[in-house]
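>>> turn this into a model:
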Amino acid sequence: MLTVRDLSVTAGGVKILDRVSFDAQPGEIVGILGPNGSGKSTLIKTILGLVARWSGKVIYNDGDMAKLSPKNRARLFSYVPQSTSQNSLYTVLECVVMGRYPYLKRFEHYSAKDFETAIASLARVGLSGFENRIISTLSGGEAARAACARAITQDAPVMLLDEPTSALDPKHSIGITSLIRELANEGRLIILSLHDINLAINHTDRLILLKSGCVYGQTRSRTVDETVLGGLYDIPWEIWSAGRGEKLVAIPGEI
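I've put the predicted structure just below:
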């Protein structure tokens, strides 16, 4: 289990996160929702150990993440950042196989099995045949899927994704959303920040709602109502049931 307790971050005298606490279990998809500047990306980066100064606790299976080396943390947490474009001459396959780096010993090279794992991960995100493309030639959406493939290759029990569908067209957004569910069903804990309200309420299990760096609420995704969304975003909302499978559709109202 992942336990986050009283996580706080202050930068330039401004509190970015203020005593954020939550628990999450393997097999869950936990969405982080909130307006711009609410602290979603900072929360993810702090859990990963990418923020220099913070207070609180991040515990995974009774282990304190602050006491682990970056390499050992990378065996537990994989990360798909919000910006995934790269200006390098590495091939797509070379970038994706880097997900195996946390498991290499000093001076050890990637094995044939490592490359097989990377190729299989590319297939899962729909990038078979892209192995020899230079990573900097990919479109934004293709680069985002390659970053997801690297995170899958890393084979960490917890995946943290910062707006993973923001650069994707509808087809590939659905594909990545379905893949995220597959990964959760395989036992991974998935934590992702989102701006797409409809994706959040239909394709996550639980939501952590952030506002001004504080936890505004925590709820099962399909029980979110107009009052909660209205308070979170300071605009009115309407939520409707539509389509087959009783999908929920959230529509912002007029201000």
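>>> CA atoms for contacts and neighbours, from now on please.
Noted.
>>> so where does Cys148 fall, helix or strand?
Assignment of secondary structure by DSSP states H and E places Cys148 within helix 140-154.
>>> hmm, who's touching that helix?
Applying Cα atoms under 8 Å, 6 or more residues apart in numbering, the contact partners of helix 140-154 are 74-75, 78-80, 83-86, 92, 95-102, 117-118, 121-122, 124-127, 135, 159, 164-165, 167-169, 176.
>>> drop anything exposed from these.
Among the contacts of helix 140-154, those buried by neighbour count (16 or more other Cα atoms under 10 Å) are 74-75, 78-80, 84-85, 92, 95-102, 117-118, 121-122, 124-127, 135, 159, 164-165, 167-168, 176.
>>> out of those residues, which are inside helices?
74, 92, 95-97, 117-118, 121-122, 124, 176 (DSSP state H).
>>> as JSON lines, the residues you listed with distance to Ala250 would be great.
Shown next, in JSON lines, are those (distance: Cα to Cα, whole Å):
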{"residue": "Ala74", "distance to Ala250": "36"}
{"residue": "Val92", "distance to Ala250": "37"}
{"residue": "Cys95", "distance to Ala250": "37"}
{"residue": "Val96", "distance to Ala250": "36"}
{"residue": "Val97", "distance to Ala250": "39"}
{"residue": "Thr117", "distance to Ala250": "38"}
{"residue": "Ala118", "distance to Ala250": "37"}
{"residue": "Ser121", "distance to Ala250": "33"}
{"residue": "Leu122", "distance to Ala250": "33"}
{"residue": "Arg124", "distance to Ala250": "29"}
{"residue": "Ile176", "distance to Ala250": "21"}
